[in-house]
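>>> fold the following and give me the result.
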Amino acid sequence: MVLALGLRGHGYPVTVAADREADAVRSGRLISNQCVFHPALVRERVLGINSWDDKAPPIRRVAFAADSEPGQRRPGMSWQATLDHPAQSVDQRVRVSDWMAELVRRGGEIRHRRVTPDDLDEYAREFDLVLTRSACCPRVRECWRWATRR
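Numbers count the residues shown, from 1 in each chain. A predicted model of the protein is given here:
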């Protein structure tokens, strides 16, 4: 969605195929890690799509601990670090669903359907550029073979 919003911000027509609507994303299962670090936050601010600076408290330190063998009192491995720039933690479901709504508000289009490798030829005829995320494409190798035929 960040790429789509960035392209739209530069005046390009953008169509995104998504298998879920924004409300379904917002109320669905967790998407990924919730911590967003400085480089991504800068990019979002430049694009005008970071709506959480005044809502999400800054994260200045991170820590990690991995479980140890049963009966051990200390973690098997642990570390902590101070960040050079604050990070943020905002539920990715909220971020992505808000970005979907923002793309439409900015004149982009969202088509609600699951994309398969069979759909790619149709999209290639309709659009100048077709991008797919491997996580979205259940048959990644077929998508790669399709792309390399071009």
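>>> give me the distance from stretch 112-119 to the chain's centre.
Relative to its parent chain, stretch 112-119 has a centroid offset of 19 Å by Cα atoms, centre = their mean, to the nearest Å.
>>> so for it, what gets flagged as buried?
V115, P117, D119 (16 or more other Cβ atoms under 10 Å). C-beta coordinates here come from the backbone N, C-alpha and C atoms, glycine included.
>>> in three-state terms, label R74 for me.
Following DSSP: H, G, I helix; E, B strand; the rest coil, we place R74 in the coil state.
>>> was I right about it contacting S68?
Yes - taking Cβ atoms under 8 Å as the definition, R74 is a contact partner of S68 at 6.2 Å.
>>> who's more crowded, these two?
With neighbours defined as other Cβ atoms under 10 Å, R74 and S68 compare such that S68 has more, 13 against 8.
>>> tell me the contacts of R113?
Counting by Cβ atoms under 8 Å, 6 or more residues apart in numbering, R113 touches A17, D19, D119.
>>> apologies, that question was intended for L41.
N50, H85, A87, Q88.
>>> quick one: which of the residues you listed has the most company?
Q88 (21 neighbours).
>>> among the contacts of L41, which ones are in helices?
Counting by DSSP state H, those place none of their members in helices.
>>> just the helices in the protein please.
2-9, 22-27, 38-47, 92-105, 120-126, 140-149.
>>> buried residues in the shortest one, which are they?
Right, the one you point to is helix 22-27. A22, V25, R26.
>>> quick check, distance from it to the centre of its chain.
14 Å.
>>> so what touches it?
Residues outside helix 22-27 that contact it (Cβ under 8 Å, 6+ apart) are A18, I31, R93, V94, V96, S97, D98, M100, A101.
>>> show me what contacts the second one?
In this case it means I31. If you count contacts by Cβ under 8 Å, 6+ apart, I31 has them with V25, Q92, R93, V96.
>>> confidence score at the first one?
Same thing as V25. Confidence at V25, expressed as pLDDT, is 85.
>>> which of the contacts of I31 has the most neighbours?
Going by other Cβ under 10 Å, V25 tops the contacts of I31 with 22 neighbours.
>>> correct me if wrong: Y123 contacts L129.
No - checked against Cβ under 8 Å, the pair Y123 and L129 is beyond contact range at 9.6 Å.
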